[in-house]
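**Student:** turn this into a model:
(one chain, ligands or ions: 1)
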Amino acid sequence: MEHLLAVARNNELKLKRFGELERLLMTTRVFSQLVMIMLVDFRRYFDLDEVNLVLLDASGDWLNALGVVQAADLAALGLTLVDGEHTWYQRYAEDFRPYLGKYDADIHADCFTKTSLASIALIPLARQGNLYGGLHLASRDPDRFQAGDGTYFLERLASFLLMCLENSQYFDKLERFGLTDALTQVNNRRYFDARLKEAVSHALRHQQPLAAMMFDLDHFKQVNDQHGHQGGDSVLQQAAKLIQDCLRASDSFARYGGEEFVALLPATDTAASVEIAERIRSRIAEHDFILSSTVTLKLTVSIGVAETELDGIDELAAEQNLVHEADAALYRAKQQGRNCVVAA
Ligand SMILES: Nc1nc2c(ncn2[C@@H]2O[C@H](COP(=O)(O)OP(=O)(O)OP(=O)(O)O)[C@@H](O)[C@H]2O)c(=O)[nH]1
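**Tutor:** Numbers count the residues shown, from 1 in each chain. Now for the predicted structure:
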């Protein structure tokens, strides 16, 4: 009797705590925070030895929601974004039912990083015959997950998680509309300011270089004067695309205002960024900007490059200095006659 009472109390406590976790998941709208709850809190809550999350990301939406820097941080905690088919995908492809049972390194090594695991649960995140990812739970206790255990709770958890993840993506998209420049469709200043904070903090933490580039189209006023504001708008759109195409996916690029653009290049020092800036400068100079079927024009760009200090500096000062120095270098490029790259 005593024992039954203890079990009942224990179950009640578990349900109450799970209710709290569910509420937390439901009210968390930011994708990265949701992932943190799934990777860190789940581990603690379910007393597991490893938790990993795989998300199918063929469209790149999840990666976009995180940004490359944050995606790398979460990857270290157990998030894998998969842009195509993967061995684990075939694992679920048959019926999208959870697998509970023994951990076999020959079969399951790609789902976990630890090797001393005894039992696992591989839970597909699926709905209506579509697979979106998988949650992988592992324990050193061989009895923790056993073939034949009921999977109702895990399947219910998986569909709940999928709903929360999708919701966070809707919120991210809504937010993103406020972070995109309407004319050029590249990121706007607000986006850049947020990314600058993250990128500087990451650079200081990992003692990795971080470069900034400021771009300003030369004599842009004349474009407006000669071809009208619409002509100027079209040039801005083409220039934004040209510059963005020269940058990596891990770089952050934004319209800073007017005819000024800015880029952040993680893990890139001054020498490498000057090379990249030089490539962009000559690409713009060579480009025929098309204004109509009969009118094209040539244009140049001036570029200022700077690299963040890594030693003895706080984050806020590093952010301000980086932008200020790139801007000062750009000013010098203008003074030196335009159509050139100047490093701080
Ligand atoms: N068409 C268009 N023009 C813009 C936009 N934003 C800013 N401008 C124009 O960009 C021009 C910037 O001119 P200035 O700052 O004088 O510089 P500039 O003519 O580019 O000369 P330098 O920068 O010194 O080489 C101004 O005429 C602004 O009106 C925009 O969204 N569309």
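**Student:** quick check: residue 135 is in a strand.
**Tutor:** Yes - using DSSP: H, G, I helix; E, B strand; the rest coil, the assignment for residue 135 is a strand.
**Student:** which residue, other than its chain neighbours, is closest to it?
**Tutor:** residue 123 (4.6 Å; C-beta to C-beta, 6 or more residues apart in numbering). All C-beta atoms are positioned from the backbone trio N, CA, C, and that covers glycine.
**Student:** buried stuff in the helix or strand containing that neighbour?
**Tutor:** Using DSSP states H and E, residue 123 falls within strand 119-127. Within strand 119-127, the residues that qualify as buried are 119, 120, 121, 122, 123, 124, 125, 126, counting by 16 or more other C-beta atoms under 10 Å.
**Student:** can you list contacts of it?
**Tutor:** 55, 88, 91-92, 96-103, 108, 111-112, 131-139, 141-146, 154-155, 157-159, 161-162, 165 (C-beta atoms under 8 Å, 6 or more residues apart in numbering).
**Student:** mind giving me the ChimeraX command for buried ones among the residues you listed?
**Tutor:** Per 16+ other C-beta under 10 Å, the buried members of those correspond to this ChimeraX selection:
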select :55,88,91,92,96,98,99,100,101,103,108,111,112,131,132,133,134,135,136,137,138,139,144,145,154,155,157,158,161,162,165
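**Student:** for this structure, what lies in contact range of the ligand?
**Tutor:** Proximity of the chain to the ligand (C-beta under 6 Å from any ligand atom) is limited to residues 183, 216-221, 224, 229, 232-233, 236, 258-259, 334, 338.
**Student:** which of these lies closest to residue 17?
**Tutor:** residue 183 (49.9 Å; C-beta to C-beta).
**Student:** secondary structure class for the closest one?
**Tutor:** Secondary structure for residue 183, judged by three-state DSSP, is coil.
**Student:** quick one: neighbours of it, just the number.
**Tutor:** 14 (other C-beta atoms under 10 Å).
**Student:** which strands or helices does the helix or strand where residue 4 lies pack on?
**Tutor:** Assigned by DSSP H and E, residue 4 falls within helix 2-27. Helices and strands touching helix 2-27, as assessed by 3 or more C-beta pairs under 8 Å, 6 or more residues apart in numbering; DSSP states H and E, comprise helix 42-45, helix 152-177.
**Student:** ok so, going back, strands - which of the residues of the chain next to the ligand land there?
**Tutor:** 216, 217 (DSSP state E).
**Student:** with just CA atoms, put the strand holding residue 123 into PDB.
**Tutor:** In PDB, the C-alpha atoms belonging to strand 119-127 read as follows (Å, rounded to 0.1, in the frame of the first residue of the first chain):
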ATOM      1  CA  SER A 119      19.200   2.100 -24.800                       C
ATOM      2  CA  ILE A 120      17.800   4.700 -27.100                       C
ATOM      3  CA  ALA A 121      14.500   6.200 -28.500                       C
ATOM      4  CA  LEU A 122      14.500   7.500 -32.000                       C
ATOM      5  CA  ILE A 123      11.400   9.600 -32.400                       C
ATOM      6  CA  PRO A 124      10.400  10.800 -35.800                       C
ATOM      7  CA  LEU A 125       8.900  14.300 -36.100                       C
ATOM      8  CA  ALA A 126       6.300  13.500 -38.700                       C
ATOM      9  CA  ARG A 127       2.800  14.400 -39.800                       C
END
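**Student:** what's the angle from it to helix 152-177?
**Tutor:** Here the directions of strand 119-127 and helix 152-177 differ by 50 degrees (axes from the mean of the first three to the mean of the last three C-alpha atoms, to 10 degrees).
**Student:** can you show me the helices along this protein?
**Tutor:** Counting by DSSP state H, the chain has these helices, from start to end: 2-27, 31-36, 42-45, 61-66, 68-77, 87-93, 105-108, 152-177, 189-206, 220-246, 270-286, 315-335.
**Student:** now those in a markdown table, with mean pLDDT?
**Tutor:** Formatted as a markdown table, the helices of the chain follow (pLDDT from 0 to 100):
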| stretch | mean pLDDT |
| --- | --- |
| helix 2-27 | 77 |
| helix 31-36 | 90 |
| helix 42-45 | 88 |
| helix 61-66 | 86 |
| helix 68-77 | 88 |
| helix 87-93 | 62 |
| helix 105-108 | 88 |
| helix 152-177 | 84 |
| helix 189-206 | 92 |
| helix 220-246 | 94 |
| helix 270-286 | 97 |
| helix 315-335 | 96 |
